[in-house]
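*Asks:* Predicted model, plus sequence, below.
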Amino acid sequence: MPVAIHATEKALLKVFSNDFAFSIPAYQRPYAWTKDQASELLTDLLSFLGDGSEAVTDANPYFLGSIVLIKSEDAPKADVVDGQQRLTTITILLSVLRSLFSEKNASRLTKYIYQEGDEFEGTYDCYRLKLRERDEDFFRSYVQCENGLDKLCKLDTFQLSDSQKNIKANASYFLEQLGQLSEQQRSRFSHYLMTCCFLVVVSTPDLDSAYRIFSILNARGLDLSLSDFLKSEVIGSIPPSQQEKYTKIWETEEEDLGREKFQELFAHIRMIDRKAKPRKTTLKEFREDILPQIEPQKFIEEVLKPYSDALEIINTANYRSDKDAETINSLLRWLNQIDNFDWIPPAILYFSKNSHAPEKLKQFFTDIERLAAGLFILRADINDRIGRYAKLLAAIEENVDLYALESPLQLTPQEINRIIKTLDGDLYLIKRIRQYVLLRLDSALSQGEATYEYPVITVEHVLPQNPSEGSIWLEWFPNDEERIQYVHRIGNLVLLSRKKNAEAQNYDFDKKKKKYFVSNTSIVPFVLTTQVLQQSEWTPAVIEQRQEDSLQSLRKIWRL
């Protein structure tokens, strides 16, 4: 059934009216506009209003953007999905104007801040904007209440939260700037603010629709994310006496993981639970399919926290243990270089179940790196990857033997044969995998001692693709067809820690070794490359031997 969505342009006098009772939900970010944003807003408004030589009605109107609300048609209650920064800042601005006016004009502005109830109309006393619970009392006492600004300016900033500091700073800025205007100028400005400044008010009674609208509009203000909406759902379902405890757990995990990775966490949780590609919006799947299965406290304690902790270690490769920690972290670093993250949900699930069993983690991550690398080399598409990892998630949950031949964690004989064929072919032409494979090989040749923290790593041919006439290359490879069989294979490839030099690519072998494969200060730091420096010539026999040795090393790494 389609959800009603309304979008209407309204002057601020209609926005701050009995038609709306704005409330900032708990999932919203704290108020975060600083003096920079407040200054930009006030400067724009005064600029659009002009110097007073024309009537307010002739001044250029000012568009404040859009706000997104969860609101039914027949009730003023409106949860603010997007727009709290602007609504809060405008309320501060109105309160400052009120404090600077004489009593008569001040009372006229109060009606935009506070609604007086009328028993004949069925309305009640209330403030037009209610901030999230943590800041509600502060905002009411020091901004919305008459004479509150006098007390606000005297507060010790060091005792305030970040959002309260921003409220105080912006109020002080508005007081300073508007205090320089005459009563008449402030009156003219207030007239302009309420009648010529407009918001597009977008409203829908459905949270899922509001979230989708917000994602599309992505209007000014602080972006909300899926996790913000779910926080409201989950924390709001917990008894009030316990909400502070679980809010702290939630916000600590978000801070530790980082906002972007915390957002990704919910996609991984969804995959762990659903084991399939999304069929609805992720928000809808959580609300309809995932959250109803578990008590909110348990969701935070048994899902959110352990999965978040696991993801942090997986992302940073920072597992700590007296045993096998470096091996596990090395495998995690290799996994994080693969060009997809479909392996992460089973990694999170297994890690959260076995975080104190390093021997199990070592065995599991050895094999999931083998699987992920194998699917990467085969360029398995997203449907194949999701299907495979969905089976692995089920196997982990069911505690089946993950190391049996038929386990989804293990490569099949057919997959192994295809991987070997790919590695033995023209690897250079498969751009996405060539660097990963060569770095993995180089690491094995260095017994894992090499590090690869270089801003640029490139793959280069020893035997050039287009050797120059008269070069030694054409003596060693006189047959064009034979030469092309060697050019793009692993045996002819090396790594450089700098950008390629197009001119140097076709140097003869001796010159290439001296000028291309050696840096200004030291030998190029890759075993694959330093091996080349030990050769006096680069013939088909050399490449064939190197190809065979490289394949043997790769087969050993991934048990092929």
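*Replies:* The structure has been received and is ready for your questions.
*Asks:* Residue 247: what's it in contact with?
*Replies:* Residues in contact with residue 247 (Cβ atoms under 8 Å, 6 or more residues apart in numbering) are 26, 231, 235. Backbone N, C-alpha and C define where each C-beta goes, glycine included.
*Asks:* How many residues are close by the last one?
*Replies:* Translated: residue 235. Other residues near residue 235 come to 20 when the count uses other Cβ atoms under 10 Å.
*Asks:* What does it show for phi and psi?
*Replies:* Torsion angles at residue 235 (phi, psi; degrees, to the nearest 10) stand at phi -60, psi -40.
*Asks:* Hmm, residue 250 and it touching each other?
*Replies:* Yes - between residue 235 and residue 250 there is a contact at 6.8 Å, judged by Cβ atoms under 8 Å.
*Asks:* okay if I get the contacts of residue 247 as CSV plus pLDDT and distance to residue 328?
*Replies:* Compiled in CSV, the contacts of residue 247 are given as follows (pLDDT from 0 to 100; distance: Cβ to Cβ, whole Å):
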residue, pLDDT, distance to residue 328
26, 76, 38
231, 84, 31
235, 84, 34
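*Asks:* Would you reformat these as TSV and include distance to residue 163?
*Replies:* Output for the contacts of residue 247, formatted as TSV (distance: Cβ to Cβ, whole Å):
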residue	distance to residue 163
26	13
231	16
235	18
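*Asks:* For residue 336, give its distance to residue 314.
*Replies:* Residue 336 is 8 Å from residue 314, where distance means Cβ to Cβ, to the nearest Å.
*Asks:* For these two, indicate the residue with more neighbours.
*Replies:* A side-by-side neighbour count of residue 336 and residue 314, using other Cβ under 10 Å, places residue 314 first with 21 against 14.
*Asks:* host element of that one?
*Replies:* Using DSSP states H and E, the element containing residue 314 is helix 305-316.
*Asks:* ditto for residue 81
*Replies:* Using DSSP H and E, residue 81 sits in strand 77-82.
*Asks:* in stretch 81-97, what counts as buried?
*Replies:* 81-97 (16 or more other Cβ atoms under 10 Å).
*Asks:* Could I have the CA atoms of it written out in CSV?
*Replies:* Taking Å, rounded to 0.1, in the frame of the first residue of the first chain, the C-alpha atoms of stretch 81-97 are listed here in CSV:
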residue,chain,number,x,y,z
VAL,A,81,14.3,13.1,10.4
ASP,A,82,16.3,15.8,8.7
GLY,A,83,16.4,19.5,9.6
GLN,A,84,17.2,19.6,13.3
GLN,A,85,20.2,21.8,12.8
ARG,A,86,18.2,24.5,11.0
LEU,A,87,15.2,24.3,13.2
THR,A,88,17.3,24.6,16.3
THR,A,89,19.4,27.5,15.0
ILE,A,90,16.3,29.4,13.9
THR,A,91,14.8,28.9,17.3
ILE,A,92,18.0,30.3,18.9
LEU,A,93,17.8,33.2,16.5
LEU,A,94,14.2,33.9,17.4
SER,A,95,15.1,33.8,21.1
VAL,A,96,17.9,36.3,20.6
LEU,A,97,15.7,38.7,18.7
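*Asks:* any idea of the mean pLDDT in that stretch?
*Replies:* For stretch 81-97, the mean pLDDT works out to 93.
*Asks:* starting at the chain centroid, how far to it?
*Replies:* Relative to the chain's own centre, stretch 81-97 is displaced by 28 Å; criterion: Cα atoms, centre = their mean, to the nearest Å.
*Asks:* again, but for stretch 120-128
*Replies:* 42 Å.
*Asks:* Next: stretch 8-25.
*Replies:* Distance of stretch 8-25 from the chain centroid (Cα atoms, centre = their mean) equals 32 Å.
*Asks:* Which residues outside it are in contact with it?
*Replies:* Against stretch 8-25 from outside (Cβ under 8 Å, 6+ apart): 64, 69, 71, 76-81, 84, 87-88, 90-91, 94, 112-113, 115, 121, 123, 126, 128-132, 193-201, 232.
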